[in-house]
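A.B. asks: The amino acid sequence is not available; the structure is as follows:
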């Protein structure tokens with residue numbers, strides 16, 4: 001097991017729970033039209049995704065008629081943003097960042113969202129300056145599960161991928177990290193908890209469910225012989 005030199009965090013659903021309010025507000029839209037948005041359909045686009053799933057397209061298919069897309073999206077977006085702004089940093093994230101900094105482990109964010117979205121929230125949360133690199137959808141041609149984001153994050157941190165771990169909440173994110181050569185800690189949220197994370201190097205209910213130094217030691221040869229369980 002190689003020495004751990006870097007931790008790369010996903011953003012949505014990992015640092016900040018944007019996934020739950022996103023899904024919930026779309027569910028509310030569907031139910032206001034007498035329809036349902038199945039979680040298994042929604043999961044196609046969580047963490048990046050390979051499909052071109054559009055919630056308003058799918059709603060029109062279910063209803064068999066056109067809807068006022070502009071009004072629907074505007075109203076839904078406002079409710080979504082109001083809820084996201086009220087969300088705190090996900091449990092355990094700050095403690096893991098602190099522990100990594102104490103040990104000289106470099107930090108980055110790799111997100112399938114655009115730069116403005118990620119950086120504006122990191123600034124609001126007081127976290128922007130804690131990361132040596134921030135890589136977003138604006139920096140690559142393909143987002144997760146493509147490995148480009150994680151490869152670029154490792155490059156910007158000047159570490160070998162095998163000496164970094166990814167913290168991810170989605171199946172697509174886990175695939176992207178592992179395809180780039182990073183080990184992956186999967187931390188599902190309320191939206192992604194039923195996804196298949198059997199391929200993760202370590203799966204946690206919450207980052208806060210394990211002491212940060214213990215989590216780092218799981219992936220760091222310099223801290224003994226323990227390996228992820």
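C.D. replies: Received the coordinates, thanks. Please read all numbers here as calculations on a predicted model, not as lab measurements.

A.B. asks: And for the helix or strand containing residue 156, what's in contact with it?
C.D. replies: In the assignment (DSSP states H and E), residue 156 maps to helix 148-157. Contact with helix 148-157 is made by 5-6, 8, 106, 108-112, 132-133, 135-137, 139-143, 160-161, 164, 166, 176-177, 179-182, as judged by Cβ atoms under 8 Å, 6 or more residues apart in numbering. C-beta: built from backbone N, CA, C; applies to glycine.

A.B. asks: wouldn't residue 106 be in contact with residue 130 here?
C.D. replies: No - at 10.8 Å, residue 106 does not count as touching residue 130 under the criterion of Cβ atoms under 8 Å.

A.B. asks: So the two - more neighbours on which side?
C.D. replies: Neighbour count, other Cβ atoms under 10 Å: between residue 106 and residue 130, residue 106 has more, with 22 against 17.

A.B. asks: How many residues are close by the closest residue to the more buried one other than its chain neighbours?
C.D. replies: In space, and not counting its chain neighbours, residue 106 is closest to residue 6: 4.4 Å by Cβ to Cβ, 6 or more residues apart in numbering. Around residue 6 there are 24 other residues, counting by other Cβ under 10 Å.

A.B. asks: same check, this time on residue 132
C.D. replies: Here the number of neighbours of residue 132 (other Cβ under 10 Å) works out to 14.

A.B. asks: what does the model give it for pLDDT?
C.D. replies: Listed pLDDT for residue 132 reads 98.

A.B. asks: what's the distance between residue 189 and residue 170?
C.D. replies: Here residue 189 is placed at a distance of 9 Å from residue 170 (Cβ to Cβ, to the nearest Å).

A.B. asks: If you count surrounding residues, which of the two has more?
C.D. replies: residue 170 (30 against 19).
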